[in-house]
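Trainee: Need coordinates for the following:
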Amino acid sequence: QVQLIESGGGLVQAGDSLRLSCAASGITFGSYAMSWFRQAPGREREFVASINWSGALTYYADSVKGRFTISRDNAKNTLYLQMNSLKPEDTAVYYCAADRGPGGYNPPTHRMDYWGQGTQVTVSS
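Mentor: Got it, this is the predicted structure:
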């Protein structure tokens with residue numbers, strides 16, 4: 001049974017930092033490109049960041065570039081998203097997703113093979 005379990009969300013103030021984690025089980029984690037997406041109320045799910053299987057290649061949405069860092073630890077089967085200088089517009093449910101394909105910038109959501117259940121991030125002004 002494949003599981004992607006996000007954690008680390010919460011309520012913070014603008015300018016604060018959070019680190020999200022996504023623990024994977026039931027898959028050969030190191031064989032998958034991984035991505036973070038987010039969805040705010042009333043909006044479509046949008047790409048945040050992605051990382052290739054080795055961690056050597058990373059991609060970011062323009063809205064988070066320079067503030068967020070995606071990383072992975074294949075030995076721990078875990079994906080991370082370090083979020084700094086958070087803004088109220090970062091408020092959303094954040095999802096991790098696993099992709100057997102090459103990953104890359106803004107991969108289409110329909111190509112993701114597995115999704116986590118999401119973790120809420122709320123940034124107050």
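
Trainee: So residue 65 belongs to a helix, correct?
Mentor: No - going by DSSP: H, G, I helix; E, B strand; the rest coil, the assignment for residue 65 is coil, not a helix.

Trainee: Now do the same contact list for residue 90.
Mentor: By C-beta atoms under 8 Å, 6 or more residues apart in numbering, residue 90 lies in contact with 38, 64, 83, 121, 123. Glycine gets a C-beta too; all of them are placed from N, C-alpha and C.

Trainee: Give the helix, strand or coil label for the first one.
Mentor: The reference is to residue 38. State at residue 38, reduced to three classes by three-state DSSP: strand.

Trainee: tell me, how many neighbours does it end up with?
Mentor: Residues lying near residue 38 (other C-beta atoms under 10 Å) number 24.

Trainee: got a pLDDT number for the one residue sitting closest to the centre of the chain?
Mentor: Nearest to the mean C-alpha position of the chain, by C-alpha atoms, centre = their mean, lies residue 36 at 2.3 Å. On the pLDDT scale, residue 36 is placed at 98.

Trainee: now the residue nearest to it when sequence neighbours are not counted: how far from residue 28?
Mentor: Of all residues not flanking residue 36 in the chain, residue 48 sits nearest, at 4.2 Å (C-beta to C-beta, 6 or more residues apart in numbering). Residue 48 sits 24 Å away from residue 28 when distances are taken as C-beta to C-beta, to the nearest Å.

Trainee: who's more crowded, those two?
Mentor: residue 48 (25 against 11).

Trainee: Could you verify that the more buried one is part of a helix?
Mentor: No - according to three-state DSSP, residue 48 belongs to no helix; its state is strand.

Trainee: check contacts around it.
Mentor: Going by C-beta under 8 Å, 6+ apart, the list of residues near residue 48 reads 35, 36, 37, 38, 60, 61, 64, 68, 81, 94.

Trainee: Quick check: next helix or strand after the helix or strand hosting residue 4?
Mentor: Using DSSP states H and E, residue 4 maps to strand 3-7. For strand 3-7, the succeeding helix or strand toward the C-terminus, using DSSP H and E, is strand 10-13.
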